[in-house]
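S.K.: just the structure for this:
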Amino acid sequence: MSKSLFIFLLLAFSVLSGCAVNPVTGKSEFALVPESTELNIGREQYLPSRQMQGGDYTTEPSISSYVSSVGQRLAAVSDRKLPYEFNVINDSTPNAWALPGGKIAINRGLLTELNNEAELAAVLGHEIVHAAARHSAKGMERGILMQGAVLAVGIASQNSEFAQMAVGGATVGAGLITQKYGRDAERESDYYGMQYMARAGYDPRAAIDLQQTFVRLSEGRRSDWLSGLFSSHPPSQERVEANRRTAALLAAGGEVGRDLYQQKIAPLVKARDAYAAYDEGRKALEEGQTGKALQLAEQALAAEPREALFHALRGDVRFKQKRYQDAVVNYDRAVQRNNAYFHYYLQRGLALQELGQRERAVADLELSTKLLPTAPALNALGRSSLAQGNREQAKRYFAAAAESRSSYGQEAAASLVRLDLPDNPQQYLKVRLGLDRRNYLLAEVVNSTPLAVTNVDVVVLVIDSYGRRRQIPLRVSGQIGPQQTARVATGIGPFAVSNDLHGVKAAVTGARLIE
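M.R.: Okay, the predicted model is just below:
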């Protein structure tokens, strides 16, 4: 089916059965993505999306409960009843996002920038509208119409380092939470979010103050804001003025909740310097400065020993130093404080693998993939399976890991080729047929793998007009480099016209890898 026909059929289907009334705006609009799909995406992507953003904040559970209570208060007066959930992400980048189906998250780093509960309500109300008004779903629908695919998302702009390592369906959420909403969607979320604030008893004017703060911060070009909230929710003076007009239409007054908010988030404010030390330590480790990273991890732990992230940073330093047993000790401490974050299990599994403790390593690596499937974990599981002689299981792990664009994915792709190409060369080496200047058959062998090959055998099948079959074996001389092509003069022909090639086929039947 051609792309244009596919899109035509989708449009026809939308006209017949995809027209719906937006529950927030009351406007009639096409809805190619049904509500059941929205709910499924939200349910399936909420956990991996939170994992790749830093995991849930668990050091002070009362803070997450408080944020959730504010969110549910707003959700109760929203125009669309969804299974709303609200979680705090353990990341310092000021950010908030919503998935289809009412799954909403706000970063620890944004909570410490807000002044009161009404401003928190403004943020959460805004995200509720994104979910309720189907803004993410509309983005998916634009993908359907423009690309002829149900969902086309990428994670190239994703801020989280872990998003680059995620594989499979987990990458869908990464694309959705980093998509940039259009100006109309932002205006809708501001307008109806303020309506929800007023209905829930909050002072909607807090949304004006919040947007003014965002504009001021954006003008200051703070890098953490630019990579977080502002990348998907760009502020503007226009939005400030629109919020003023909206507030004028709503009843004056309402709850602000400054004292209560400051009381609730006091532990985060107290630990702000500790998290700043952690963030600096993480950056130092990425730059190879293990001594500085360790010092900053110790500084963070001295201020807040309950935070699992800080123990994990010290473990990552020890891992980098190849002190694997010390690394395991620190990962144990991290897991004791937060047993629901993939990174701790992944790193402990890798350290245990280095120590030769296979069974414990596999258990940790498998558990990490249940929280977030990543190329490093799947790659390590593939190596473990291969060491045990289970080639087929190793192939499955390597194939899954190879979906990642990270260096781990590239390593897994090479491992998969080493294992599978000798058995299935035709899967990796493709043959294209054409005619040379004398109208003799010319074969091009394309090596799509990251490894060089030699001793490439090709069989050409020729079926003449009488149905008679003839097989001609060929050997490609020399080697074919990674992502390279080799031409072979077959000596078969001459053919009258290129249309005669419809009865000619070719496939690679053997090859040897060059390491």
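
S.K.: could you look up the SS state of the residue nearest to Asn87 when sequence neighbours are not counted?
M.R.: Computed as Cβ to Cβ, 6 or more residues apart in numbering, the closest residue to Asn87 that is not its neighbour in sequence is Ala105, at 5.0 Å. (Glycine included, C-beta is placed from N, CA and C.) Under DSSP: H, G, I helix; E, B strand; the rest coil, Ala105 falls in the strand class.

S.K.: for Ala105, give the beta-bridge partners.
M.R.: For Ala105, the beta-bridge partners under DSSP bridges are Asn87, Trp97.

S.K.: verify the contact between it and Tyr84 for me.
M.R.: No. Between Ala105 and Tyr84 there is no contact under Cβ atoms under 8 Å: 11.7 Å.

S.K.: got the contact list for the residue nearest to Asn87?
M.R.: Each residue near Ala105 by Cβ atoms under 8 Å, 6 or more residues apart in numbering is listed here: Ser49, Arg50, Gln53, Phe86, Asn87, Val88, Ile89, Ala96, Trp97, Ala98.

S.K.: which one (most neighbours) among the residues you listed?
M.R.: Compared across these, Ser49 has the highest neighbour count, 29 neighbours, by other Cβ atoms under 10 Å.

S.K.: what pLDDT is listed against that residue?
M.R.: As predicted, Ser49 sits at a pLDDT of 94.

S.K.: per-residue confidence for Met140?
M.R.: 70.

S.K.: what's the longest helix in the protein?
M.R.: Looking across the chain with DSSP state H, the single longest helix is helix 35-53.

S.K.: circling back to that earlier point, which among the contacts of Ala105 gets closest to Leu433?
M.R.: Nearest to Leu433 among these, counting by Cβ to Cβ, is Ser49 at 45.5 Å.

S.K.: quick check, that closest one in contact with Pro100.
M.R.: No. Assessed by Cβ under 8 Å, Ser49 is found out of contact with Pro100, at 11.3 Å.

S.K.: can you report how many residues lie near the residue lying closest to Gly254 once chain neighbours are set aside?
M.R.: Excluding the flanking residues, the one nearest Gly254 by Cβ to Cβ, 6+ apart is Asp203, at 3.6 Å. For Asp203, the count of nearby residues is 26 (other Cβ under 10 Å).

S.K.: quick one: residues contacting Asp203.
M.R.: Here Asp203 is in contact with Ala118, Met197, Gly253, Gly254, Glu255, Val256 (Cβ under 8 Å, 6+ apart).

S.K.: show me which helix or strand of the chain is least confident by mean pLDDT.
M.R.: helix 3-17 (a mean of 46; mean pLDDT, DSSP states H and E).

S.K.: could I get the full set of helices for the stretch 301-450 of the chain?
M.R.: 308-320, 324-337, 342-354, 358-371, 375-387, 391-401, 407-420 (DSSP state H, counting those that start in this stretch).

S.K.: which other helices and strands contact the third one?
M.R.: Translated: helix 342-354. Judged by 3 or more Cβ pairs under 8 Å, 6 or more residues apart in numbering; DSSP states H and E, helix 342-354 is in contact with helix 308-320, helix 324-337, helix 358-371, helix 375-387.

S.K.: now do that helix and helix 358-371, the angle between them.
M.R.: 160 degrees (axes from the mean of the first three to the mean of the last three Cα atoms, to 10 degrees).

S.K.: helix 342-354 versus helix 375-387: what angle between them?
M.R.: Going by the same axes, to 10 degrees, helix 342-354 makes 30 degrees with helix 375-387.

S.K.: the first one too?
M.R.: Here helix 308-320 runs at 50 degrees with respect to helix 375-387, directions being taken by the same axes, to 10 degrees.

S.K.: mean confidence for helix 308-320?
M.R.: 99.

S.K.: mind showing which ranges of this protein have poor pLDDT?
M.R.: Applying pLDDT under 70 to the chain flags the ranges 1-18, 139, 141-164, 170-175, 177-180, 220-233, 498-499.

S.K.: tell me which residues are up against whatever helix or strand comes next after the longest helix of the chain.
M.R.: Using DSSP states H and E, the next helix or strand after helix 35-53 towards the C-terminus is helix 61-75. The contact list for helix 61-75 (Cβ under 8 Å, 6+ apart) reads 56-58, 82, 84-88, 102, 104, 106, 111, 117, 120-121, 124-125, 128, 196-197, 200, 264-265, 267-268.

S.K.: out of those residues, which end up buried?
M.R.: Buried by 16 or more other Cβ atoms under 10 Å: 56-58, 82, 84-88, 102, 104, 106, 111, 117, 120-121, 124-125, 128, 196-197, 200, 264-265, 268, out of these.

S.K.: which residues touch Ile106?
M.R.: Here Ile106 is in contact with Val67, Phe86, Asn87, Val88, Ile89, Asn95, Ala96, Leu120, Val123, Leu124, Glu127 (Cβ under 8 Å, 6+ apart).

S.K.: before I go, just wanted to say thanks for your time.
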